[in-house]
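**Q** predicted structure and sequence below. I'll ask about it afterward.
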Amino acid sequence: MYSSSSRQMQQGSGHVQLVQKAMKSLTFRSLCFHDMIKSRGVDSKEDLPTYFYRDDGYRVWEATKSFVSDVVSIYYTSDERVMEDEEIQAFVKDVCSFGMQDFDYCEFPKSLKSRDELIEYLTVVIFTASAQHAAVNFGQYDWCSWIPKTPSIMRKPPPQEKGLSNVKTIIESLPDRGHSSWNLGAVWALSQYQENEVCSAETHLNPKLYLGMYPDEYFIEKPVKAAMEKFRKQLAEISNSIKRRNEGKKLPYYNMSPDKIPNSVAV
């Protein structure tokens, strides 16, 4: 974002433009992890053998989808039951309508016609708010702490022709100390795990709730509890395998480890 003054930066006009541009390319398929990885051309393990974000993400996605499938199969015995669920259908329609300029050309489902579609939809909701957010959020300081990599503002416009930049123009374009310090503080704070995100009604001890932990018993049926326990075991296996893989690595990757993925976004 180019800003010629502090006042212009504070207005955040550049952020608005970035969000508007991103919304034009946002589709439902872009939130499906396998599709997103393939669309970016990074799905080949042969070409990228140590792309841990992809590999760990695959496992967390599949575990989440398996859990959702188990729960959906308990309450929806047929595709017709899904189509007849007015609340689910209204929710899906609202999501498509919210923030979309043209409902007719919305890239999100306008309705759900089968259990498989419901399973995928719910997996997207859970995965995006938990694993995907954790992967993007908690790595911000690692990525942004080197200011030239991700400058928060640019004090000069980019050159219009090649060969015109030099060290002097680059230094004059990068953020000054004040803006750099503010940006470092912001990304550091956002990258921290908060100790008081959720308060348990039972203990009042403000526990950190990670993916698969549900202290409030909204479901008491034995089949659902069994599905939750199965989900937690799968996530624990993934966490343990990631821990073993990271042993001895100079740059361990743990942002997709289930034991470090909060249940949902918390800022």
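**A** Good, I have the coordinates. Owing to the predicted nature of the structure, the values given are computational and were not obtained by experimental measurement.
**Q** quick one: the helices in the stretch 151-267 of the chain?
**A** In the stretch 151-267 of the chain, the helices defined using DSSP state H, counting those that start in this stretch lie at 167-173, 177-190, 222-246.
**Q** can I get those in JSON lines including mean neighbour count, distance to D94 and mean pLDDT?
**A** In this view, the C-beta of every residue, glycine as well, is placed from N, C-alpha and C. Shown next, in JSON lines, are the helices of the stretch 151-267 of the chain (neighbours: other C-beta atoms under 10 Å; distance: least, C-beta to C-beta, whole Å; pLDDT from 0 to 100):
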{"stretch": "helix 167-173", "mean neighbour count": "11", "distance to D94": "43", "mean pLDDT": "91"}
{"stretch": "helix 177-190", "mean neighbour count": "14", "distance to D94": "28", "mean pLDDT": "89"}
{"stretch": "helix 222-246", "mean neighbour count": "16", "distance to D94": "26", "mean pLDDT": "96"}
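**Q** for those, which one sits closest to K110?
**A** K110 lies closest, by C-beta to C-beta, to one member of the helices of the stretch 151-267 of the chain: helix 222-246, at 28.6 Å.
**Q** what does that closest one contact?
**A** Contact with helix 222-246 is made by 52, 56, 59-60, 63-64, 66-67, 70-71, 74, 211-214, 219, 252-254, 256-259, as judged by C-beta atoms under 8 Å, 6 or more residues apart in numbering.
**Q** need the buried ones from the residues you listed selected in PyMOL.
**A** The following PyMOL line selects those of those that are buried, judged by 16 or more other C-beta atoms under 10 Å:
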select buried, resi 52+56+59+60+63+64+67+70+71+211+212+213+253+254+256+257+258+259
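**Q** look at the nearest residue to R29 once chain neighbours are set aside and say how many residues are nearby.
**A** Nearest residue to R29 in three dimensions, chain neighbours excluded: D35, at 4.6 Å (C-beta to C-beta, 6 or more residues apart in numbering). When counting by other C-beta atoms under 10 Å, one arrives at 14 neighbours for D35.
**Q** just after the one helix or strand F127 maps to, pick out the following helix or strand.
**A** In the assignment (DSSP states H and E), F127 maps to helix 115-127. Towards the C-terminus, the helix or strand next in line after helix 115-127, according to DSSP H and E, is helix 133-137.
**Q** can you give me the buried ones in that following helix?
**A** Across helix 133-137, burial judged by 16+ other C-beta under 10 Å covers H133, A134, A135, N137.
**Q** what sits against the third one?
**A** In this case it means A135. Applying C-beta under 8 Å, 6+ apart to A135 gives the contacts Y53, G57, N255, M256.
**Q** list the contacts of the helix or strand harbouring the second one.
**A** For G57, the enclosing helix or strand under DSSP H and E is helix 52-75. When contacts are defined by C-beta under 8 Å, 6+ apart, helix 52-75 is touched by residues 33-34, 37, 42-43, 45, 48, 81, 115, 118-120, 122-123, 126-127, 130-132, 135, 211-212, 221, 223-224, 227-228, 230-231, 234-235, 238, 242, 245, 253, 255-258, 261.
**Q** using PDB, list the CA coordinates for that helix.
**A** The C-alpha coordinates for helix 52-75 follow below in PDB (Å, rounded to 0.1, in the frame of the first residue of the first chain):
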ATOM      1  CA  PHE A  52       4.500 -29.000   5.500                       C
ATOM      2  CA  TYR A  53       1.700 -26.500   5.300                       C
ATOM      3  CA  ARG A  54       0.200 -28.600   2.500                       C
ATOM      4  CA  ASP A  55       0.900 -32.000   4.100                       C
ATOM      5  CA  ASP A  56      -0.300 -31.200   7.600                       C
ATOM      6  CA  GLY A  57      -3.300 -29.300   6.100                       C
ATOM      7  CA  TYR A  58      -4.300 -32.400   4.100                       C
ATOM      8  CA  ARG A  59      -4.400 -34.500   7.300                       C
ATOM      9  CA  VAL A  60      -6.300 -31.900   9.400                       C
ATOM     10  CA  TRP A  61      -8.800 -31.400   6.600                       C
ATOM     11  CA  GLU A  62      -9.400 -35.100   6.200                       C
ATOM     12  CA  ALA A  63      -9.800 -35.600  10.000                       C
ATOM     13  CA  THR A  64     -12.200 -32.700  10.200                       C
ATOM     14  CA  LYS A  65     -14.200 -34.000   7.200                       C
ATOM     15  CA  SER A  66     -14.400 -37.500   8.700                       C
ATOM     16  CA  PHE A  67     -15.700 -36.000  12.000                       C
ATOM     17  CA  VAL A  68     -18.300 -33.900  10.200                       C
ATOM     18  CA  SER A  69     -19.300 -36.900   8.200                       C
ATOM     19  CA  ASP A  70     -19.900 -39.000  11.300                       C
ATOM     20  CA  VAL A  71     -22.000 -36.300  12.900                       C
ATOM     21  CA  VAL A  72     -24.100 -35.500   9.800                       C
ATOM     22  CA  SER A  73     -24.900 -39.200   9.300                       C
ATOM     23  CA  ILE A  74     -26.400 -39.300  12.800                       C
ATOM     24  CA  TYR A  75     -28.900 -36.500  12.200                       C
END
